[in-house]
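Undergrad: From the sequence below, what's the structure:
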Amino acid sequence: MARAEKIKDATLRSGVEEAYGQLRAGDPSGAVATLADAFGDLLVRHPELLEFSTTVRGRAFPLVARWPAFGANLVLDPERAAPPRIEFVRQRFAVSEALTYYEFLVDLAVDQGL
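TA: Model prediction:
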């Protein structure tokens, strides 16, 4: 797993660090909300991320679609008329779920040089 201090984008790094603090304080649901906001903001500021893909089991898969769908789910407009957004289908999250969101966002940012 990459480390948050390697994130170059100050706005994103600040959001990730805030979420880490929420995790340490025992607030995984707050951390997920903070990470969802940071991810949504990242996609608005870097729309090129929507074009990137990765290979999963031999098939191309949109990179951003790997955002975990544990209840804070990524919603993309197929025609791109609306910006990407995170839809919450529940409000409470476990620490393990929050850590998965955290790891995804940190790894994405570091891997993409953001």
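Undergrad: Run through who's touching the helix or strand bottoming out on mean pLDDT in the chain.
TA: Least confident helix or strand of the chain, by mean pLDDT, DSSP states H and E, is strand 53-56 with a mean of 84. Strand 53-56 has contacts (CB atoms under 8 Å, 6 or more residues apart in numbering) with 60-63, 66. For every residue, glycine as well, the C-beta is placed using N, CA and C.
Undergrad: 10 Å - rerun?
TA: 59-66, 111 (CB atoms under 10 Å, 6 or more residues apart in numbering).
Undergrad: just stretch 81-92 next, same as before
TA: By CB under 10 Å, 6+ apart, the residues outside stretch 81-92 that reach it are 28-29, 32-33, 35-44, 47, 49-50, 64, 67, 69-77, 101.
Undergrad: Emit the PyMOL select command for whichever of those residues are buried.
TA: Only the buried entries of these go into this PyMOL selection, using 16 or more other CB atoms under 10 Å:
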select buried, resi 28+29+32+33+35+36+38+39+40+42+43+49+50+64+67+70+72+74+101
